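*Asks:* Need coordinates for the below:
(one chain, ligands or ions: 2)
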Amino acid sequence: MKPNITITPVCGWLQGAKRPLIIAGPCSAESETQILNTAKSISAIDANIIFRAGIWKPRTRPNSFEGIGSIGLQWMKKVKEETGMLTSTEVANAHHVEECLKAGIDILWIGARTTVNPFSVQEIADAIKGVDIPVFVKNPVTPDMQLWIGALERINQAGITKIAAIHRGFHSHMSTPFRNDPKWEMAIELRTLCPDLPIICDPSHICGNTDLIPYISQKALDMDMHGLMIETHCMPQIALSDAKQQLTPAQLSDLIKKLVVRKSNSQNPDFKNKLEELRESINKTDEDLLQILMNRMIVAEKIGVYKKENNVTILQTNRWEDLLNERLSNAAMLGLSQEFVRALYILIHEESIRKQNEIMN
Ligand code: PEP
Ligand code: MN
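*Replies:* Residues are numbered from 1 along each chain as shown. Ligands and ions are numbered 1, 2, ... in the order given. Got it, this is the predicted structure:
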């Protein structure tokens, strides 16, 4: 079912809103000095940056630093007074919401471990009802689009229209260079389902280390994401959580300077003509591609009939392994990614088997 989310555009609630919207600050609030030093250095880069800091931290194992708690909200208040930056933090239950509202936090976000739990999201939604505050919803830890949309809808149904999604990557059993697999296709699908919903990328939690952050940040902008949330700490080496992935304010400044902000469209007629031409060429290629796939299925069906006549099984494991290896080595020669061609052939093979099954039964 298509989501039905009413959205107030960011420019309708954020003064001086520009793209990319940047949210920066430490993973966790640790001390008043750490918060104020970090915030002052960040606001010196650009006073429009929104300050973030986790007050309550959802840690995987107990007995690690689980956040400074409500006292940190007083430090956030000081950040606002002394720098004028808007402040944001993560809420995971009704108590957190109440404390944040009392302390004048400007923006709330729901963390990845909370988005997975509709009870918690509903509790937050009920606590926010009737309050005019922006809320950002991080993707759930697992790549479940319905949970992500469900959380956005619950918050929206509580009357919150100043709403955005945060793409922070997904847990994966596959080994990837990232702490959380970006799975860009999930962000693309969300964009397709809710075209007006701003999506902010969180390269810090995707990468898990500082090396890959510039690459993911640029990629997010190239995918037309609305902004970036980047963990920044005045002394990352002694951070009490996520030490490996936090930038210094100087590194953040450097990253922002190097970002290439592209237009999501261009009115230049030459650009439009060339784009039209290339799109036409894609349309034609896709037509050919579908025709070729249909031809392939016709051959698969003929093979199905032949197998039936000779009473042999549909699945011939050796043939499938040989075929896949051969296609993968062809793909390598053509410069196509192995991952892509493998996934494509698994789909094609499944469809051929399905067709042959129809013939057998
Ligand atoms: C965070 O932003 O510090 C955090 C805990 O993120 P996530 O919910 O994405 O893990
Ligand atoms: Mn963190």
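
*Asks:* Surely residue 6 touches residue 156?
*Replies:* Yes: counting by C-beta atoms under 8 Å, residue 6 does reach residue 156; the two are 6.1 Å apart. The C-beta positions use only the backbone N, C-alpha and C, and glycine is treated the same way.

*Asks:* So for these two, which sits in the more crowded spot?
*Replies:* residue 156 (20 against 11; other C-beta atoms under 10 Å).

*Asks:* Name the helix or strand for that one, please.
*Replies:* helix 145-157 (DSSP states H and E).

*Asks:* Contacts for that helix, please.
*Replies:* By C-beta atoms under 8 Å, 6 or more residues apart in numbering, the residues outside helix 145-157 that reach it are 3-6, 110, 115-116, 118, 121-122, 124-125, 128, 135, 137, 139-140, 163, 165, 186, 189-190, 193-194, 197.

*Asks:* how about the helices in the stretch 51-200 of the chain?
*Replies:* 71-83, 94-103, 112-115, 118-128, 145-157, 184-193 (DSSP state H, counting those that start in this stretch).

*Asks:* Can you give the distance of the fifth one from its chain's centre?
*Replies:* Per C-alpha atoms, centre = their mean, to the nearest Å, the displacement of helix 145-157 from the mean C-alpha position of its chain is 15 Å.

*Asks:* Would it count as contacting ligand 1?
*Replies:* No: for helix 145-157, no contact with ligand 1 is found by C-beta under 6 Å from any ligand atom; the gap never falls below 12.0 Å.

*Asks:* For residue 85, which non-adjacent residue is spatially closest?
*Replies:* Using C-beta to C-beta, 6 or more residues apart in numbering and skipping residues adjacent in sequence, the residue nearest residue 85 is residue 51, 4.4 Å away.

*Asks:* Which residues are in contact with whichever residue of the chain sits closest to ligand 2?
*Replies:* As assessed by C-beta to the ion, ligand 2 sits closest to residue 27 within the chain, at 3.3 Å. Taking C-beta under 8 Å, 6+ apart, we find residue 27 in contact with 53-54, 57, 204, 231, 233, 239, 241-242, 245-246.

*Asks:* Narrow these to those in strands?
*Replies:* Members of these lying in strands (criterion: DSSP state E): residue 231.

*Asks:* can you tell me how far whichever residue of the stretch 1-150 of the chain sits closest to ligand 1 sits from residue 158?
*Replies:* Of all residues in the stretch 1-150 of the chain, the one sitting closest to ligand 1 is residue 111 (3.1 Å; C-beta to the nearest ligand atom). Using C-beta to C-beta, to the nearest Å, one gets 18 Å for the distance from residue 111 to residue 158.
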